[in-house]
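Asker: Need a 3D model of the sequence below.
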Amino acid sequence: MAKGKKVAEDEKIVTSEKESTSEDEESTLEDKSVDRKENIDAFPEFRGNDLRLWWYIFGILVSLAIATRFYQLSQPDHVCWDETHFGKFAGYYINRTFFFDVHPPLGKMLIGLYGYLSGYDATFPFEKPGDRYNDTHYMGMRVGCTAMGAFLVPFSYLTVWEMTHSLPAATLAGVLILLDHGLLTLNRYILLDPILLFFISATVYGMVKTHSFRDRPFSLSWFCWMSFTGVMMTGALSVKFVGLFAVVLVGLHAITDLWDILGDLSKPVSYTVKHFFARALCLIALPLVVYMGIYAIHFQVLNLSGNGDGFYSSAFQTSLKGNNLHNFSTPQDTAYGSLLTLKNSITGGGYLHSHMHLYPAGVGARQQQVTTYGHKDGNNQWFIKRFNQPAPEWNSTDPIELVRNGDLVRLEHKPTRRNLHSHKMPAPMSKKHLQVTGYGENGTGDANDVWRVAIVGGKQDEVVQTIRTQFRLIHYLQNCVLTTTKKNLPKWGFDQQEVTCNPNLRDPSGIWNVEDNVFPRLPNVSFSEYNLNFFQKFIEAHFVMFNGNAGLKPKEGEMTSRPWMWPINLRGQWFSAGDGQRSRVYLLGNPVIWSSNIVIMGFYLIMVGINKFREKRGYVPSDRQKLLQSRVYHACGWLFVGWLLHYVPFWSMGRILYFHHYFPALLFASMLSGVILDYLMETIPEFVPRRRLMSSAYQILFMSVLGVLVYSFYIFSPLVYGFSSLPSTDPNSTLYGLKWLPTWEF
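Answerer: Next up is the predicted model:
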């Protein structure tokens, strides 16, 4: 800082700095002493604290971020990749229609807000990638997402500056984020990723900015920045659950700070306790209030019945306007002859379902398929009848008989007139379970159609009630319980979930409840008494999302990836595969940046190991090296932890994974690379034999790095802005000769 200045100027600066904080003074004096010893810096203003230059570089980076992100933003003018999901979800918010998604609501709410403010009328279907937008007002949603993605560049610059107070390191970090094709592509579409990356970047910046006020604890600025950090990390968690990794990073940083404060023997323990409660307020209580507030808005806005109702419990659905359970009256008790729908009582469970399709040859008996299905459908309807009698007619004058605990019953599928059936043949996917089918003709089957009603915790002869009663259906002959395994059947089963008969009668997935109950001869009661309060909805929504996330499987022919592929940029991901001119877009990281990140991260780990070894052997580095290494260790240590937290957990995930899941980790890897590159460019000139050449060596190194990065961005830019369907082996292709790896698909 302020290197290359004369001693007299240094003394004047030191005198003026005494009026500032003691910590700033100490840092400045250290830098000055190093400067007097090693006066070798190039660009003295660049290496120093020139405020105008700082703002000049910041302005250039922001301008370039805006220019690169918004250039030809309207192209391709059709649905690209997951815009088909998140554009549709935005429309649901505008129409206030309830839906199910595996991610928390904030990102989709913001996209819906951008669409609403820009005049989008939520009528475009977003059916599949490639659909033309035509006159649809889609640009507001793209602009909103892109604007949030553009913040990554200034946030990375500011974060590294706060961690190192090195203008070259901050500049390099900003350039590495600016010129990465992967981040640029991911930030230009109607997706959750630019919103997630915005909140993660803001969280990290808020964390280091708060740390910069450590000499002024409990000041207004300190509280404001800590509160900013808490709100931003809540935003990250409220967009995708991987935002939890940012929360963990902030938590570890807070614990480290508290540990350091506790080690200050000049302060009483009560001082540490005071710090703890301040962090608890800003990083726990405030985020919890904000997080729950987001869900309160979510539930308030989405109050109309939609296609996601069936993923939630019957009681949850009673609050959705337009749902057949909202303000609806139905018989409270279940009678023989009632037309029912049975819903699995586990969170996110589907409806007992059958249809006019048989199990294929080689998959048990070739009888009618029985599954669970997450949506309301006429094929979910079943008549309940005694095991030895036909279902009574609704206009019968016979006494009404109620279904009770312990009764033996048959369930007859209304559309096909076949009975729910099981037998001693293995289930299609869970081979230790028995197959469940639809069997018989016109309601007549055999003894394997008989099931016993077992109410959970019920008394003998207790009546089965709509919604309230949870029960098991135990097969009378095979002594197994009707259950769902939540395994998706292959294409022949229409990706619906497997239903089996499990010999383990305690299977928690074997619990059901009556949702729809139609029987004209019984009096109706209002469903309003079943409404859930906010906290019950909040908890259920999370269980449904967790189950949905865990159950994500690739669709047939869908390209997925594994975590080991991501850092090496092994395979990209198609965003648009159209055949028109410049209509193809391929998500791929800048090969120079990504390969450099791997090499530099390896160098960092080796450097730390070597320096620890030399320290153990008594080697004493120069004052300059001590300062440089201290700066690198502090900044890169936390950036490396951030990279680990956002990358390593994916190795243990059983759900479907995609290439874009690596990009939060990429932010930390690129910022770490900026710090290490700056360290190398300060260190290497020391080995130049002639002192006069040291300054030139730094200039050459810095400009060479920038030149390589800019050139790599230029040659691979068609991946972002569109290229034709010509293969990269064609000399007329804009990507001719750029397929460096055979796994790249362009």
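Asker: Could you report the neighbour count for Ile177?
Answerer: Each residue near Ile177 was counted by other Cβ atoms under 10 Å, and the total is 26. For glycine as for every other residue, the C-beta is placed from the backbone atoms N, C-alpha and C.
Asker: wait, doesn't Phe746 sit right on Thr729?
Answerer: No: here Phe746 does not reach Thr729: they are 10.5 Å apart, not a contact under Cβ atoms under 8 Å.
Asker: overlap in contacts of the two?
Answerer: Residues within reach of Phe746 and of Thr729 at once, by Cβ atoms under 8 Å, 6 or more residues apart in numbering, are Lys739.
Asker: Now do the contacts for the nearest residue to Thr743 once chain neighbours are set aside.
Answerer: Once flanking residues are discounted, Thr743 sits nearest to Arg571: 4.6 Å by Cβ to Cβ, 6 or more residues apart in numbering. Counting by Cβ under 8 Å, 6+ apart, Arg571 touches Met559, Ser561, Met565, Phe659, Thr743, Trp744, Glu745.
Asker: contacting residues around the second one?
Answerer: Ser561 is in contact with Leu570, Arg571, Gln573, Leu657, Tyr658, Phe659, counting by Cβ under 8 Å, 6+ apart.
Asker: Surely the first one touches Thr743?
Answerer: Yes: distance between Leu570 and Thr743: 5.3 Å, which falls inside the contact criterion (Cβ under 8 Å).
Asker: hmm, back to that, so of the contacts of Ser561, which ones are in strands?
Answerer: Gln573 (DSSP state E).
Asker: would you list the contacts of Ser561 in JSON lines and tack on distance to Cys501?
Answerer: Listed next are the contacts of Ser561 as JSON lines, based on distance: Cβ to Cβ, whole Å:
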{"residue": "Leu570", "distance to Cys501": "44"}
{"residue": "Arg571", "distance to Cys501": "42"}
{"residue": "Gln573", "distance to Cys501": "41"}
{"residue": "Leu657", "distance to Cys501": "33"}
{"residue": "Tyr658", "distance to Cys501": "36"}
{"residue": "Phe659", "distance to Cys501": "41"}
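Asker: now the contacts of Ser561 in CSV, with distance to His423 and pLDDT?
Answerer: Shown next, in CSV, are the contacts of Ser561 (distance: Cβ to Cβ, whole Å; pLDDT from 0 to 100):
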residue, distance to His423, pLDDT
Leu570, 48, 92
Arg571, 46, 91
Gln573, 46, 90
Leu657, 39, 88
Tyr658, 41, 89
Phe659, 45, 92
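Asker: Need the buried ones from the contacts of Ser561 selected in ChimeraX.
Answerer: Selection of buried members from those for ChimeraX, criterion 16 or more other Cβ atoms under 10 Å:
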select :571,573,657,658,659
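Asker: Tell me the one of the contacts of Ser561 nearest Pro508?
Answerer: Closest approach to Pro508 among those (Cβ to Cβ): Leu657, at 27.5 Å.
Asker: List the residues that contact that closest one.
Answerer: Thr560, Ser561, Arg562, Pro563, Phe650.
Asker: Just the buried ones from those, in PyMOL syntax?
Answerer: This is how PyMOL selects the buried members of the contacts of Leu657, with burial counted by 16+ other Cβ under 10 Å:
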select buried, resi 561+563+650
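Asker: from the contacts of Arg571, which single one is nearest Arg216?
Answerer: Nearest to Arg216 among the contacts of Arg571 is Phe659, at 43.0 Å by Cβ to Cβ.
Asker: Surely the closest one is in contact with Leu587?
Answerer: Yes: contact criterion Cβ under 8 Å: Phe659 and Leu587 qualify, at 6.5 Å.
Asker: got any residues that touch both of the two?
Answerer: Gly572, Gln573.
Asker: coming back round to it: which one of Phe746 and Thr729 has more residues nearby?
Answerer: More crowded of Phe746 and Thr729, by other Cβ under 10 Å: Phe746, with 20 against 10.
Asker: got a list of what the more buried one touches?
Answerer: Gly572, Arg584, Tyr586, Leu719, Phe723, Pro727, Ser728, Leu735, Lys739.
Asker: Can you report how many residues neighbour the fifth one?
Answerer: Pointing back at Phe723 there. Residues within reach of Phe723, counting by other Cβ under 10 Å, total 20.
Asker: So what does the residue nearest to Thr743 have for phi and psi?
Answerer: For Arg571, the backbone dihedrals are phi -150, psi 140 (criterion: degrees, to the nearest 10).
Asker: which among the contacts of Arg571 end up buried?
Answerer: For the contacts of Arg571, a burial check counting by 16+ other Cβ under 10 Å picks out Ser561, Phe659, Trp744.
Asker: nearest spatial neighbour of Leu719, skipping sequence neighbours?
Answerer: Excluding its sequence neighbours, the residue lying closest to Leu719 (Cβ to Cβ, 6+ apart) is Tyr586, at 4.9 Å.
Asker: secondary structure element for the one you found?
Answerer: Applying DSSP states H and E as the criterion places Tyr586 in strand 584-587.
Asker: Next one, pLDDT for Val7 please.
Answerer: Val7 carries a pLDDT value of 37.
Asker: pLDDT score assigned to the closest residue in space to Gly642 that isn't next to it in sequence?
Answerer: In space, and not counting its chain neighbours, Gly642 is closest to Phe668: 3.9 Å by Cβ to Cβ, 6+ apart. Here the pLDDT value assigned to Phe668 is 97.
Asker: Let me see the contact set for the most centrally placed residue in the chain.
Answerer: The chain has Lys240 as the residue nearest its centroid, 3.0 Å off, counting by Cα atoms, centre = their mean. Contacts for Lys240 (Cβ under 8 Å, 6+ apart) come out as His103, Pro104, Gly107, Leu192, Leu196.
Asker: any chance of those in CSV, with neighbour count too?
Answerer: CSV is the format used below for the contacts of Lys240 (neighbours: other Cβ atoms under 10 Å):
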residue, neighbour count
His103, 21
Pro104, 24
Gly107, 29
Leu192, 23
Leu196, 28
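Asker: can I get those in a markdown table with pLDDT, distance to Thr683 and secondary structure?
Answerer: Shown next, in a markdown table, are those (pLDDT from 0 to 100; distance: Cβ to Cβ, whole Å; DSSP: H, G, I helix; E, B strand; the rest coil):
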| residue | pLDDT | distance to Thr683 | secondary structure |
| --- | --- | --- | --- |
| His103 | 94 | 44 | coil |
| Pro104 | 96 | 44 | coil |
| Gly107 | 96 | 42 | helix |
| Leu192 | 96 | 41 | coil |
| Leu196 | 97 | 36 | helix |
